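In: Below are the sequence and a predicted model for it; my questions follow.
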Amino acid sequence: MKRTIIPFGPQHPVLPEPIHLTLTVEDEIITEAVPALGFVHRGLEQLADLRDFRQMVQVVERVCGICSMMHAMCYAQGIEGLMEVEVPPRAKYLRVIWSELHRMHSHLLWLGLFADSFGFESLFMQFWRIREKILNIQEATTGNRIIVSVNVIGGVRKDLSPDQIRWMLSELIEVEQMIMNLGPTLFDDYTVKKRTVDKGILSGEKAMELGTAGPTLRGSGVSQDMRTLGYAALNELDFTPVTEKNGDCWSRCKVRFLETLQSIDLVRQAIARIPNGEINTKVKGRPDGEIIARVEQPRGEVFYYIKANGKKNLDRLRIRTPTFANIPALLTMLPGMWLSDVPVVVLSIDPCISCTER
Amino acid sequence: MFKMTPNILKNFITEKATRLYPYEVKEPYDINRGELVNEIEKCNFCGICAAKCPSQCITVNKKTATWECALFVCVYCGVCVETCPQKCLHQKQTYRKPVREKEIIFMQGEVKAKDTPDGSESS
């Protein structure tokens, strides 16, 4: 059969961000996929040379819009580890609450985009309608919809009032109900199953071998979640990572759907156990030494390497994001797929290209 | 096959999720981080806001008593508002309207003698 090369992206209706795949196709079946990255590289790691270590909290937040809270939290935890700062317990719980809200809105955004990738536009709108409620909670409690900017070295900048907590809990009941209503459509619908079941299969062994992270890995049956490390206040909350066995697009979708509900539960647990007290500690001095920090983002494990030398600017800041870890898995999923299934498979890893290219 | 139908029917009786912006504008929350405002008469041009700003959008000159902010460089993080010792920086609840050209806010304060009391409200 004659081979044809088809470019996929960087501008493609299904892609919210630019990634280019050169697809080699034989009779509409993919035989090879080669990625090209670098369309949104901004050099944010290099800014560590120009901004001091406190200003970098606001810079790393802008690595990714969707999971800005986790980036700032991971960086702050790293610097706090270097400077041996003890974060107040209330701040730890507040970090969990806002990070789980971020996970919820990111997964709801993805569930909508995923529905859109196989042409189910009304489902896309329903999920984004629910997401709006989470964004309202974030806006009312932090002052901004997405880039919440609540983290500082030593704690958080904003606190939750009892009224806000009560309102948040009542909104979450509604959000949970709305999400549950969409469950049957996503998992039992004939069309959705036809487009997602047995597409882009990735076995657990292969996923581990390729260094896959997050829901892409958990969708293949591997129970690996950085939240089990117990950072912030997560060691005091009860949860088990959500896993699915099949390793196809449907499984990855189910993992994210169930994680959204799990995040609601974690927020409720955190609210039930949140102690009173200070929300940040005064941090004096400058960091010295090197450290790694890991946090579970909506897309998987984000990894920060921080090297400081006792000056106000860091020596080196290295960020490894989950999408970077998931691209090799995507390239092994694509061969053997129909060309029409490429959008669904590409979106199933939840690619965040701005994160990857920093 | 008809899993979505109950949701679609419910949507007929629930309130609209969208609004006709700009005719209908959402009520801002109290803590929204919107437009940055400087009460120049309270400002002592210490330059802490300029030093702390992660996007380096603020320029302060103590000698000439000027305060400048590049609005399209500002990321509205609110760090300057929190660190201002005079509490003269504020953020409005609403955002600025779109403009055709990038603006820079330029504010000229009063050049004060060294011993002039400025009535600061230190916290």
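Out: Structure's in. What do you need?
In: Alongside chain A, which residues does chain B contribute?
Out: Contact residues, chain B versus chain A (C-beta under 8 Å from any C-beta of the partner chain): B:1, B:3-4, B:6-8, B:10, B:17, B:29, B:31-33, B:52-55, B:75-79, B:82. All C-beta atoms are positioned from the backbone trio N, CA, C, and that covers glycine.
In: I'd like to know which of those residues are part of helices.
Out: B:6, B:7, B:8, B:10, B:52, B:79, B:82 (DSSP state H).
In: show me what contacts the residue nearest to the fifth one when sequence neighbours are not counted?
Out: Taking C-beta to C-beta, 6 or more residues apart in numbering or on different chains, and ignoring the residues beside it in sequence, residue B:52 has residue B:83 as its nearest neighbour in space, at 4.8 Å. By C-beta atoms under 8 Å, 6 or more residues apart in numbering or on different chains, residue B:83 lies in contact with B:48, B:49, B:52.
In: Return the residues in contact with the first one.
Out: Applying C-beta under 8 Å, 6+ apart, one finds that residue B:48 lies in contact with B:80, B:83, B:84, B:85.
In: for residue B:71, same thing?
Out: Residues near residue B:71 by C-beta under 8 Å, 6+ apart: B:36, B:57, B:96, B:102, B:103, B:104, B:105.
In: What does the third one show for phi and psi?
Out: Reported as degrees, to the nearest 10, the phi and psi values for residue B:96 are phi -70, psi 150.
In: what about residue 59, how many neighbours?
Out: This is for chain A. By other C-beta atoms under 10 Å in any protein chain shown, the residues close to residue A:59 number 22.
In: right idea, wrong chain: chain B
Out: Residue B:59 has 16 neighbours, counted by other C-beta under 10 Å.
In: avg pLDDT for the helix or strand containing it?
Out: Using DSSP states H and E, residue B:59 falls within strand B:58-61. Averaging pLDDT along strand B:58-61 yields 90.
In: ditto for stretch A:164-171
Out: What stretch A:164-171 shows for mean pLDDT is 92.
In: What lies in contact with that stretch?
Out: Counting by C-beta under 8 Å, 6+ apart, A:133, A:136, A:137, A:140, A:141, A:160, A:267, A:268, A:271 sit against stretch A:164-171.
In: Tell me which of those fall in helices.
Out: Per DSSP H, the subset of the contacts of stretch A:164-171 in helices is A:133, A:136, A:137, A:140, A:141, A:267, A:268, A:271.
In: Go through these and say which is closest to chain B.
Out: Within those, the smallest distance to chain B is 4.6 Å, found for residue A:140 (C-beta to the nearest C-beta).
In: What about the closest residue to the closest one other than its chain neighbours, how many residues nearby?
Out: Counting by C-beta to C-beta, 6+ apart, residue A:140 lies nearest to residue B:29, which is 4.6 Å off, once chain neighbours are set aside. When neighbours are counted by other C-beta under 10 Å, residue B:29 registers 16.
In: My guess is residue B:29 contacts residue A:144. True?
Out: No - contact criterion C-beta atoms under 8 Å: residue B:29 and residue A:144 do not qualify, at 9.9 Å.
In: can the contacts of residue B:48 go into JSON lines with extra columns for distance to residue A:285?
Out: Shown next, in JSON lines, are the contacts of residue B:48 (distance: C-beta to C-beta, whole Å):
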{"residue": "B:80", "distance to residue A:285": "23"}
{"residue": "B:83", "distance to residue A:285": "18"}
{"residue": "B:84", "distance to residue A:285": "23"}
{"residue": "B:85", "distance to residue A:285": "21"}
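In: on that earlier part again, in the strand holding residue B:59, which residues are buried?
Out: For strand B:58-61, the neighbour count (16 or more other C-beta atoms under 10 Å in any protein chain shown) marks B:58, B:59, B:60 as buried.
In: Neighbouring strands - and their directions - for that strand?
Out: strand B:66-70 (antiparallel) (DSSP bridges).
In: Just the buried positions in the partner strand, please.
Out: By 16+ other C-beta under 10 Å, the buried positions in strand B:66-70 come out as B:66, B:67, B:68, B:69.
In: Let me know the distance separating the first one from residue B:38.
Out: With distances defined as C-beta to C-beta, to the nearest Å, the gap from residue B:66 to residue B:38 amounts to 11 Å.
In: what is in contact with those two at once?
Out: Both residue B:66 and residue B:38 are contacted by residue B:107, under the criterion C-beta under 8 Å, 6+ apart.
In: Now do the strands in the chain.
Out: Picked chain A for this. A:3-8, A:20-26, A:29-36, A:151-152, A:155-156, A:288-297, A:300-309, A:316-320 (DSSP state E).
In: sorry, should have said chain B
Out: Secondary structure of chain B by DSSP E: the strands cover B:36-38, B:58-61, B:66-70, B:89-91, B:104-108.
In: what residues are up against the residue in chain B that chain A sits nearest to?
Out: Closest approach between chain B and chain A, counting by C-beta to the nearest C-beta: residue B:54, at 3.8 Å. Contacts for residue B:54 (C-beta under 8 Å, 6+ apart) come out as A:51, A:55, A:56, A:57, A:58, A:59, B:75, B:77, B:79.
In: at 6 Å what do you get?
Out: Listed by C-beta atoms under 6 Å, 6 or more residues apart in numbering or on different chains, the contact set of residue B:54 reads A:55, A:58, A:59.
In: which among those are in contact with chain B?
Out: Among those, the ones lying near chain B by C-beta under 6 Å from any C-beta of the partner chain are A:55, A:58, A:59.
In: From these, which land in helices?
Out: Counting by DSSP H, the ones next to chain B among the contacts of residue B:54 contribute A:58, A:59 to helices.
In: before we move on, back to that, among the contacts of residue B:71, which pair sits farthest apart?
Out: Using C-beta to C-beta, those span at most 15.0 Å, a distance reached by B:36 and B:102.
In: between the two, who's got more neighbours?
Out: residue B:36 (21 against 9).
In: what's across from the nearest residue to residue A:292 once chain neighbours are set aside in the sheet?
Out: Computed as C-beta to C-beta, 6+ apart, the closest residue to residue A:292 that is not its neighbour in sequence is residue A:305, at 5.3 Å. Residues in a beta bridge with residue A:305, per DSSP bridges, are residue A:292, residue A:318.
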